[in-house]
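> Kindly return the folded structure for what I paste below:
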Amino acid sequence: MKLGFIGLGIMGAPMAGHLLAAGHDLFVHTRGEVPASLSAAVACANAKEVAQKAEIVFVMVPDTPDVQKVLFGENGVASGLSQGQIVVDMSSISPMETKAFARQINELGCDYLDAPVSGGEVGAKA
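Residues are numbered from 1 along each chain as shown. Have a look, this model is predicted:
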């Protein structure tokens, strides 16, 4: 399966590693460098490119000033999606941003799953 992962941090990189180990094709975008442990993943220039290549997109964007750009911007997640894709939001963005993001994803004909990571564990919905 073609999976995308946006945001590789302390929790994101290990999760992405498990997806690779399970044999999935993995497309990633992160602000920093892609860890050596994920060398089999395809590094993408932006979130839009990840969304264009993956069937399911995992989003783990921290609550920073860049969150709007990564989610809604010209090269953001939403701009690269096409009908029928699934977005799993594992970020800890505010409830208002989460609702706006979910609404936009649904309007594109995609499914949205809110599964925030909390305390080092994936939320029950994941």
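
> what does the average pLDDT come to for stretch 25-40?
Per-residue pLDDT over stretch 25-40 has a mean of 90.

> can you pull the buried residues of that stretch?
For stretch 25-40, a neighbour-count test (16 or more other Cβ atoms under 10 Å) marks Asp25, Leu26, Phe27, Val28, His29, Thr30, Val34, Pro35, Leu38 as buried. Every C-beta, even on glycine, is put in place using the N, C-alpha and C of the backbone.

> And the next helix or strand past the helix or strand hosting the third one?
When you say that, I think you mean Phe27. Assigned by DSSP states H and E, Phe27 belongs to strand 25-29. Moving toward the C-terminus from strand 25-29, the next helix or strand (DSSP H and E) is strand 42-43.

> Give me the contacts around that following strand.
Asp25, Leu26, Phe27, Val28, His29, Val34, Lys53 (Cβ atoms under 8 Å, 6 or more residues apart in numbering).

> Name the residues linked to the third one by a beta bridge.
When assigned by DSSP bridges, Phe27 has beta-bridge partners Gly4, Val42.
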